[in-house]
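Student: quick one, fold the following:
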Amino acid sequence: MDGRHIATIARELSIAAAQVQETADLLEGGATVPFIARYRKEATGSLDEVAIATVRDRLSQLQALDQRRQAITASLAERNLLTDDLQRKLDQAETLTTLEDIYQPFRPKRHTRASVARDKGLEPLAELLLRQDPRVDPVREAAKYPGVESAEAALQGARDIIAERVSDDPDARARMRNLFWQRGILRSQLRKGKEQPGAKFKDYFDWSEPVARAPSHRVLAIFRGEAEEVLTCSIEPPEQDALSLLERQFLRGSSASTQQVHLAVRDGYKRLLGRAMETETRGEAKRRADAAAISVFALNLRQLLLAPPLGEKRVLAIDPGLRTGCKTVVLDAQGQLLHDTVIYPDRRRDAEQTITTLLQTYAVEAIAIGNGTGGRETEAFVRSLSLSLPVVMVNESGASVYSASDVARLEFPDRDITVRGAVSIGRRLMDPLAELVKIDPKSIGVGQYQHDVDQDALRNSLDDVVMSCVNGVGVEVNTASRQLLAYVSGLSATVADNVVKYRNEHGPFTTRRELLRVPRLGEKAFEQAAGFLRIRGAANPLDASAVHPESYAIVDRMAGDLGVRVADLTRDEALRGRINLQRYVTDSVGLPTLTDILNELARPGRDPRAQFEAVRFDDRVRTLSDLQPGMRLPGIVTNVTAFGAFVDIGVHQDGLVHISQLADRYVKDPNDLVKVHQPVEVTVLEVDLARKRIALSMRTRRPGQQNQAGG
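Tutor: Residues are numbered from 1 along each chain as shown. As a prediction, this is how the structure comes out:
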């Protein structure tokens, strides 16, 4: 591991180099982020998952920088261009941008105006002009090149060479890059010829703002409008500022040669450097917007995955359908399909009889109804039956994706997609995490411009979130799906499949050590996975907890020292209070791990997610036309973006609480106030039936009431 990289990361994160080194060593050895954060606190100094993932990502970036440095060095050496000074500059470059700027003057170029001029032998004339000697007559000197058609043509060629040098100069590029970012203006306009472009991008038909302050959603919206050929977009600083910057660097005095260099500098900016910097600035704006959007998506996904589960209860789930009927399924407490049928709420007597029979036959404990088209009508019908059961509207975003997937076909090969969709709705109520891991996160509906951002970065970020959530909650190995098991630390998709096959062939696992009998699940995978896998009802109570098997001996010693069983420690707080953790500290196990063990003994295997709380929508509203400004309604947050929060109020169309309407005070980040799946109360501000848009407010003051703080 490169010591410089370790020092760089330690400095950036303000942590000790030893923490970075230990983390890097663990990562290189195949340890996962959740495993390191949970079970290697002594090694890393209790770094959390965010810090560990940052170390991992920065190591990857710095290694990529080294690879590019080596490629550039090899290219220069091969062309006999590598000098000691150039090698020193390359070695000292700390960013990819700096490295590329150093390489820019030596980069093999296509046929350019400057290369044509060099071929004509005009480089000496360019060098002479750059010296800006007041004694030199540029026209007389240019006439000394008989191979060029005229003195003016020779001067033009020399200026072309100078213009390219200006554009390639590392210092000029660094200063111009900073100017474009600090003073650049992002502008968008309606593309010529788009007479009827629709309202999708109407806010950006004539828009401008400093690019450095443009929020991610506007940057991505403008770039999408440009990609769809509705908008034109540019990013430029004031031209005179850019030219003045270059003139200060390259012009000296006011000689005739200086005038030639001045012309070359202006040409170099307008034709070469300005365009290059605009491209770079667009790229940087896109990267920053992507990072912000991915961060929002990741946070929303985490909140959705960790939404409170109903738990292991028998559920009747309904996928609403107005014309084709409502697909209705009954699931047992483990989410297995027991029965499926179709009901037609408009045939009230038959539908009522069917539901009543199913509830009695299968001892159903809760009812889940999808929030798609017809959901509110179906909910109203079910509630009219006056059942003494919770009736819960379930967000079905992505259910259709699951029902048509290979996963669903494998689970239910003899059922059609509508039945699979109803099953997914019921399982989402029971355990959102276990069900949603079967769906591509981009289809769950909590992102912001997720199809416009860097897809590799998005995929990596979302995979981190899912893995963090799955391992944070823990997985019951005897009931988990292949998809859920595949996100457990140390388990690949193949090994997860082998776990399920072994379980099906040999029956439920009775101990964690039995996992080592699964094909391809070796000691290393077991080390990474065991602490996150649960075996409820195991003879050893620690097998149902987050205590890692490598620490079982410590717990046995604790129990032995008190003359009790391990099970007694999990039940008796007074016994745990008698444990002196200092007695069990060793060179490899310190107080952080021992404290985690003691905390886990107090609540072995307990689900860390919040208690389930059902939200009931207002019975007065079922469609957009039922909404009236001023209505105060219950809702549930479905998505949080940089500009506000979307809220489901039960009309099959989420409303937007703009950031300015989230509170009676200034709000910088909506995530400071709301999160996905949070119950809220909102006031209807405006309803646009034609565009199907609902404006909502969470401010306690009446809409329109003066409030300077609200902005």
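
Student: for the host helix or strand of residue 461, buried residues please.
Tutor: For residue 461, the host element (DSSP states H and E) is helix 455-473. Neighbour-count burial for helix 455-473 flags 458, 461-462, 464-473 (criterion: 16 or more other Cβ atoms under 10 Å). Bear in mind the C-beta positions are built from the backbone N, C-alpha and C, glycine included.

Student: and of the residues you listed, the nearest to residue 39?
Tutor: Nearest to residue 39 among the buried residues of helix 455-473, counting by Cβ to Cβ, is residue 471 at 10.6 Å.

Student: for the closest one, give me its contacts.
Tutor: 34-35, 38, 487-489, 532 (Cβ atoms under 8 Å, 6 or more residues apart in numbering).

Student: also residue 9?
Tutor: 20, 54-55, 58-59, 62.

Student: do a quick rundown of the helices in the stretch 551-700 of the chain.
Tutor: Here the stretch 551-700 of the chain has its helices, by DSSP state H, counting those that start in this stretch, at 552-562, 566-571, 573-577, 591-602.

Student: so which of the contacts of residue 9 sit within helices?
Tutor: Cross-referencing the contacts of residue 9 against helices under DSSP state H gives 20, 54-55, 58-59, 62.

Student: and the longest helix for this structure?
Tutor: Longest helix in the chain, counting by DSSP H: helix 274-305.

Student: that helix - contacts with which helices or strands?
Tutor: helix 170-183, helix 216-227, strand 231-236, helix 432-436, helix 455-473, strand 632-641 (3 or more Cβ pairs under 8 Å, 6 or more residues apart in numbering; DSSP states H and E).

Student: now do it, average pLDDT.
Tutor: For helix 274-305, the mean pLDDT works out to 95.

Student: could I get the buried residue list for it?
Tutor: Quick answer for helix 274-305 (16+ other Cβ under 10 Å): 274, 276-278, 280-282, 284-286, 288-290, 292-294, 296-305.

Student: contact partners of the next helix-or-strand element following it?
Tutor: Using DSSP H and E, the helix or strand that directly follows helix 274-305 along the chain is strand 315-319. Outside strand 315-319, the residues that touch it by Cβ under 8 Å, 6+ apart are 326-331, 343, 355, 358-359, 362, 364-370, 372, 378, 382, 394, 396, 399, 418, 421-423, 425-427, 429-430.

Student: in which helix or strand does residue 135 reside?
Tutor: Judged by DSSP H and E, residue 135 forms part of no helix or strand.

Student: what about it, distance to residue 252?
Tutor: 14 Å (Cβ to Cβ, to the nearest Å).

Student: more crowded one of those two?
Tutor: residue 252 (14 against 7; other Cβ atoms under 10 Å).

Student: let me see the contact set for the more buried one.
Tutor: 132, 258.

Student: what's the separation between it and residue 262?
Tutor: 11 Å.

Student: re the thing from before, can I get the helices of the stretch 551-700 of the chain in TSV including mean pLDDT, mean neighbour count and distance to residue 152?
Tutor: Converted to TSV, these look like this (pLDDT from 0 to 100; neighbours: other Cβ atoms under 10 Å; distance: least, Cβ to Cβ, whole Å):
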stretch	mean pLDDT	mean neighbour count	distance to residue 152
helix 552-562	97	16	87
helix 566-571	95	18	92
helix 573-577	96	12	92
helix 591-602	96	18	77
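
Student: returning to that earlier point: which ones among the contacts of strand 315-319 are found in strands?
Tutor: Assigned to strands by DSSP state E, the following of the contacts of strand 315-319 qualify: 326-331, 343, 366-370, 394.

Student: just the pLDDT for the closest residue to residue 620 other than its chain neighbours.
Tutor: Distances taken as Cβ to Cβ, 6 or more residues apart in numbering put residue 626 closest to residue 620, at 6.4 Å, once the chain neighbours are dropped. Looking at residue 626, its pLDDT reads 94.

Student: any weak-confidence spans in this structure?
Tutor: Where the chain drops to pLDDT under 70, the residues are 1, 195-198, 701-711.

Student: gap between the residue nearest to the spatial centre of it and residue 441?
Tutor: Centroid-nearest residue in the chain, with Cα atoms, centre = their mean: residue 294, separated by 3.2 Å. Distance, residue 294 to residue 441, using Cβ to Cβ: 11 Å.

Student: what does residue 608 give?
Tutor: 21 Å.

Student: looking at those two, which one has more neighbours?
Tutor: Between residue 608 and residue 441, counting by other Cβ under 10 Å, residue 441 is the more crowded of the two (25 against 10).

Student: contact partners for that one?
Tutor: So residue 441 contacts 297, 301, 447, 462, 465-466 (Cβ under 8 Å, 6+ apart).

Student: give me the number of residues near the residue nearest to residue 620?
Tutor: 14.

Student: that one and residue 692, how far apart?
Tutor: Counting by Cβ to Cβ - residue 626 and residue 692 are separated by 14 Å.

Student: ditto for residue 479
Tutor: 41 Å.

Student: ok, residue 615 next?
Tutor: Distance, residue 615 to residue 692, using Cβ to Cβ: 22 Å.

Student: more crowded one of those two?
Tutor: Using other Cβ under 10 Å as the criterion, residue 615 and residue 692 rank with residue 615 on top: 15 against 11.

Student: for stretch 608-615, buried residues please.
Tutor: Here stretch 608-615 shows 609, 612 as buried, counting by 16+ other Cβ under 10 Å.

Student: what of stretch 507-527?
Tutor: Buried-residue list, stretch 507-527, by 16+ other Cβ under 10 Å: 509, 512, 514-515, 518, 521, 525-527.

Student: quick one: the helix holding residue 461 to helix 274-305, angle?
Tutor: 20 degrees (axes from the mean of the first three to the mean of the last three Cα atoms, to 10 degrees).

Student: next SSE after helix 455-473?
Tutor: Next along from helix 455-473, by DSSP H and E: strand 475-476.

Student: can you list the strands that that next one pairs with?
Tutor: strand 533-534 (parallel) (DSSP bridges).

Student: find the nearest non-adjacent residue to residue 681, please.
Tutor: In space, residue 681 is closest to residue 634, 5.8 Å off (Cβ to Cβ, 6+ apart).

Student: burial of that neighbour, as a residue count?
Tutor: Neighbour tally, residue 634, other Cβ under 10 Å: 16.

Student: just residue 166 next, same as before
Tutor: 24.

Student: tell me the secondary structure for it?
Tutor: Residue 166 carries the three-state label helix when classified by DSSP: H, G, I helix; E, B strand; the rest coil.

Student: ok, and the closest non-adjacent residue to it?
Tutor: residue 268 (3.6 Å).

Student: end-to-end on stretch 382-400?
Tutor: Stretch 382-400 has its terminal residues 23 Å apart, counting by Cα to Cα, to the nearest Å.

Student: now find how far off-centre it is within its chain.
Tutor: Distance, stretch centre to chain centre, for stretch 382-400: 30 Å (Cα atoms, centre = their mean, to the nearest Å).

Student: list the buried ones in it?
Tutor: Buried-residue list, stretch 382-400, by 16+ other Cβ under 10 Å: 382, 390-400.

Student: so of those, which ones are in helices?
Tutor: 382, 399-400.

Student: between the residues you listed, which is nearest residue 234?
Tutor: Using Cβ to Cβ, those come closest to residue 234 at residue 400, 40.1 Å.

Student: and the gap between the residue nearest to residue 112 when sequence neighbours are not counted and residue 243?
Tutor: Nearest residue to residue 112 in three dimensions, chain neighbours excluded: residue 164, at 6.6 Å (Cβ to Cβ, 6+ apart). Distance, residue 164 to residue 243, by Cβ to Cβ: 17 Å.

Student: so for those two, which sits in the more crowded spot?
Tutor: It is residue 164, of residue 164 and residue 243, that has more neighbours when counted by other Cβ under 10 Å, with 25 against 16.

Student: who are the neighbours in contact with the more buried one?
Tutor: So residue 164 contacts 112-114, 268, 272 (Cβ under 8 Å, 6+ apart).

Student: which of these fall in helices?
Tutor: Per DSSP H, the subset of these in helices is 113-114.

Student: can I get the contacts of residue 164 in TSV including distance to residue 412?
Tutor: Output for the contacts of residue 164, formatted as TSV (distance: Cβ to Cβ, whole Å):
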residue	distance to residue 412
112	62
113	66
114	66
268	66
272	61
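
Student: please consider this matter closed, and thank you.
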